[in-house]
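Participant: Here you go, sequence then predicted model.
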Amino acid sequence: MRYGYFDDARREYVITRPDTPVPWINYLGTDEYFGIVSNTAGGYSWHLDARLRRLTRYRYNNVPGDSGGRYLYLRDDASGEYWSPSWQPVRTPLDSYECRHGLSYTAISSSRAGIATETVYFVPRGENHEVWRLSVTNTRERAAEVSVFSSVEFALWDAQDDTTNFQRNYSTGEVEVVGGVIYHKTEYRERRDHFAYFACSEPLAGFETQREAFLGPYRGFHEPLGVERGELGNSIAHGWSPHGAHHVRLALQPGETREVVFLLGYWANPKDAKFEATGVVNKAGVKPVIEKWLDPQTVADALADLRSYWEDLLGVLHVDTPDRDTNRMVSIWNTYQCMVTFNMSRSVSSYETGISRGMGFRDSCQDLLGSVQLDGPRARQRIIDLAATQFASGGAYHQYQPLTKTGNDAIGSGFNDDPLWLVLGVAAYLKETGDTSILDETVSFSDGGEATLYGHLERSVQYTLDRTGPHGLPLIGRADWNDCLNLNCFSETPGESFQTTENREGGVAESVFIAGLFTLAARELAGIAALAGREAEAESYRADAEKMAAITAEHGWDGEWFLRAYDHFGNPVGSGKNAEAQIFLEPQGMCVMAGIGLTDAANPASGTLAERALSSVRERLTTPHGIMLLQPAFTTYHVELGEISSYPPGYKENASVFCHTNPWVMIAAALTGDGDAAYDYYRRINPSAREAIGDVHKCEPYVYAQMIAGRDAPTHGEAKNSWLTGTAAWNYVAITQWILGIRPELGGLRVDPVIPSSWPGFTATRRFRDATYQITVRRAGTLDSGIAEGASVTVNGERVIGTLLPLAPAGDTVRVEVVLPS
Ligand code: BGC
Ligand code: NOJ
């Protein structure tokens, strides 16, 4: 069942009924001011940091769900009837409804009783405010008297404190209302010279700033007393719950449309501005901003500007393949999701509250893999910020807060894979931009001292070399990529859970996954060292990689697939010897990506380790809904393995289709030359390809979800945790770089497709290092000769040797033709 459709021409997903299985959300903002918005206008906003600088409140885990948002109410003043044009929160049936989620904007249109509205929500580029542009049209044959009410609930800045510290917060709230603008200024007295403002382009019939005055006692957002009465009481909040509500009356002739602009923003006075010790807001700076942005023309121009920003970003890669689902994901939605993950890391979604997680170290490093091509300067800064949360040992804080850019001590460090992802992120940046100057940037360590970024990378790799276990494999520490595989939870005490035992000192559990990741990272660092003219170091990293690959092939191989780990007691994890969880996906994908066992089968009849690992994945882990993380699922709890078996079978790390890892297998398959398998796995989890099963999948069909319930789950095929997941970056890498084969390398752009046999070819346009490559890929026909082995490539009609394209001069457009063996 479908709940909408893709409008590819407008780059929008159109939701045609409001009651989607779960809220289908979108993101507003591209720079510092951000928000989430659902298809029924739910969501909230923040500036820079969703925990520390929250503008509006959201009611988590509420019933009904998705409560709190950018709400508008319409009231027919003749009949007294009122409704929400976004359906929620009043939920009056609408005569028509449509939500268009576009790139950094959302437009919700609906009509009832002859009054039609469209509300466009967006954050103008470079501004610290959001615009709600409401158009109201009277489609009746007679005049209409309509009231419009707006409503936002202000959060008292620190979102964690806002939901817990009521003994204080019920007394701190303060507002001012001047010239129809509502200023929320809680904290202003503390000389934090900042405030939120909520303005409206029309003269006001009234306002409220105290939530209870707007709603009335014991009422919810679905039946505000002020809206019911058609009149607001101009309350001024002193403590309790500061709120922003405007009331505008419109008299509309038949066919008439009126536009009303609402502006919700964040303002911080410049450091040298005069501070009013009285607590009266210094509005001088923001006044012209508000005046400017309430002008409909400014708003229209900014919306056009936002569209051209995205037009430009999407111009980096556009593909036209025989598969519509591939085209729209690659050319539009997957790119968009990569940018959103870059902006948000794992902080805010329908599954992340904005409170508990900031920027994840491994998460953000992986997000870079799918977003370096979109904004080089911001990627560069992100790399520096991440490296600055490393310790001199090379280890890293697992997370940091975006506002302060300092590591989160509550979560700490000790996830032994973390530092290696930085090498991959920097390699991706260098491949895309060629900007080697980043390697010479001096970056400090969290615990004192500093080194160049190159020095940080050296320590990242050294961190693993300094921490190997009994088999010579890397120690896992608290966990590796799989946060729930906590193999140092040893306990002799019955009844202890992973929560009380996690991360005991002295654990010697080893990770085959980190061995694969290390091999890959050491190879990448060798390439970076060579690029920087450090040939001897390059050689030594190559040797480290070879050594780890050999150890992995010896101690990390179970017979038909790669082992997952050894626990603290030296027992294998992910082995045929285990009763449950005999095979895990992660090491199969990662080790093959690292090139371990890719060539040279010991026994040619049985195939290379890579081929055998991949056929085990196919046999044991593959479902129609994607590849499961492990099999058989854990049915019993194992304290010594940590959080993993705390999940019911088929969910999350316990044998779901953990989508993040599926592209590793796609890439591995492409590396073995198996385009059919790679593409088959790609399609199984492509959200657009799953659109028709919306009632099973449940999450948004325009973005990847972190997980799809596995075969062992009663809800097999049901997705969860959409949007903020490494799935976005890795699928982008798998389809664009390995299946379509358009792959940035340190030496330039390679085009080496491994496409499904059913495709005759495809075309693509790729912007790379300031030149444009127009790529045509086709299979050899009877007239082509000499293409038996590998692809034959011509650039502007000239044959090149191999598949690496010569770097085109900046500004040039070159024609690339690739002929694949038929
Ligand atoms: C989840 C993991 C996640 C971790 C983050 C766990 O409960 O299952 O997917 O990485 O929390 O802290
Ligand atoms: C989600 C986390 O954000 C990510 O860092 C982790 O690798 C996966 N879960 C797997 O546990």
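Facilitator: Nice, I can see it. Ligands and ions are numbered 1, 2, ... in the order given.

Participant: And the residue of the stretch 651-800 of the chain that's closest to ligand 1?
Facilitator: For the stretch 651-800 of the chain and ligand 1, the shortest gap (CB to the nearest ligand atom) falls at Lys652, measuring 4.6 Å. For glycine as for every other residue, the C-beta is placed from the backbone atoms N, C-alpha and C.

Participant: Pull the contacting residues for that residue.
Facilitator: 484, 658, 707 (CB atoms under 8 Å, 6 or more residues apart in numbering).

Participant: Next: His456.
Facilitator: 387, 390, 394, 422, 443.

Participant: where do the strands sit along the stretch 701-822 of the chain?
Facilitator: 705-708, 719-722, 742-745, 748-751, 761-768, 771-779, 792-795, 798-800, 813-820 (DSSP state E, counting those that start in this stretch).

Participant: Could you list every helix and strand in contact with the shortest one?
Facilitator: Put plainly, it is strand 798-800. strand 792-795 (3 or more CB pairs under 8 Å, 6 or more residues apart in numbering; DSSP states H and E).

Participant: Let's verify whatever residue of the stretch 201-350 of the chain ends up closest to ligand 1: helix, strand, or coil?
Facilitator: Closest approach between the stretch 201-350 of the chain and ligand 1, counting by CB to the nearest ligand atom: Arg346, at 7.8 Å. Look at Arg346: counting by DSSP: H, G, I helix; E, B strand; the rest coil, its state is coil.

Participant: Could you check the pLDDT of it?
Facilitator: pLDDT recorded at Arg346 is 96.

Participant: burial of it, as a residue count?
Facilitator: The number of residues packed near Arg346 is 23, by other CB atoms under 10 Å.

Participant: Then the one 10 residues further on?
Facilitator: Other residues near Ser356 come to 14 when the count uses other CB under 10 Å.

Participant: Test my guess that Ala50 contacts Arg346.
Facilitator: No - with contact defined as CB atoms under 8 Å, Ala50 does not count as touching Arg346 (10.9 Å).

Participant: before we move on, the earlier item: buried among the contacts of Lys652? Make that a PyMOL selection.
Facilitator: To isolate the buried members of the contacts of Lys652 in PyMOL, using 16 or more other CB atoms under 10 Å:
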select buried, resi 484+658+707
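
Participant: Need the contacts of Lys652 in JSON lines (columns: distance to Ile583 and pLDDT).
Facilitator: Shown next, in JSON lines, are these (distance: CB to CB, whole Å; pLDDT from 0 to 100):
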{"residue": "Cys484", "distance to Ile583": "17", "pLDDT": "96"}
{"residue": "Phe658", "distance to Ile583": "14", "pLDDT": "98"}
{"residue": "Met707", "distance to Ile583": "18", "pLDDT": "98"}
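
Participant: Could you dump the contacts of Lys652 into a markdown table and include distance to Thr725?
Facilitator: Converted to a markdown table, the contacts of Lys652 look like this (distance: CB to CB, whole Å):
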| residue | distance to Thr725 |
| --- | --- |
| Cys484 | 15 |
| Phe658 | 9 |
| Met707 | 8 |
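
Participant: Run through the contacts of Lys652 and flag the ones next to ligand 1.
Facilitator: Among the contacts of Lys652, the residues that sit close to ligand 1 (CB under 6 Å from any ligand atom) are Cys484.

Participant: Now flag whichever of the contacts of Lys652 is closest to ligand 2.
Facilitator: Cys484 (5.6 Å).

Participant: then the helix or strand bottoming out on mean pLDDT in the chain to CSV, C-alphas only?
Facilitator: In the chain, the helix or strand scored least confidently by mean pLDDT, DSSP states H and E is helix 498-501, which has a mean of 70. The C-alpha trace of helix 498-501 is given here as CSV (Å, rounded to 0.1, in the frame of the first residue of the first chain):
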residue,chain,number,x,y,z
PHE,A,498,25.6,-6.1,30.3
GLN,A,499,24.7,-2.7,31.8
THR,A,500,26.4,-3.4,35.1
THR,A,501,29.4,-5.3,33.6
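
Participant: and Glu560, how many neighbours?
Facilitator: 16.

Participant: And for the one residue in the stretch 351-500 of the chain that gets nearest to ligand 2, the neighbour number?
Facilitator: Of the residues in the stretch 351-500 of the chain, the one nearest ligand 2 is Asp483, at a distance of 3.6 Å by CB to the nearest ligand atom. Using other CB under 10 Å, Asp483 has 18 other residues around it.

Participant: Surely it is in a strand?
Facilitator: No - Asp483: not assigned to a strand; according to three-state DSSP it is coil.

Participant: most neighbours per residue, which of the strands of the stretch 701-822 of the chain?
Facilitator: strand 705-708 (a mean of 27; mean count of other CB atoms under 10 Å).

Participant: Work out the sheet partners of that strand and label each with its direction, please.
Facilitator: strand 657-658 (antiparallel), strand 719-722 (antiparallel) (DSSP bridges).

Participant: where's Glu535 relative to Thr519, distance?
Facilitator: Counting by CB to CB, to the nearest Å, the gap from Glu535 to Thr519 is 20 Å.

Participant: who has more neighbours, the two?
Facilitator: Neighbours per residue, other CB under 10 Å: of Glu535 and Thr519, the larger number sits with Thr519, 26 against 11.
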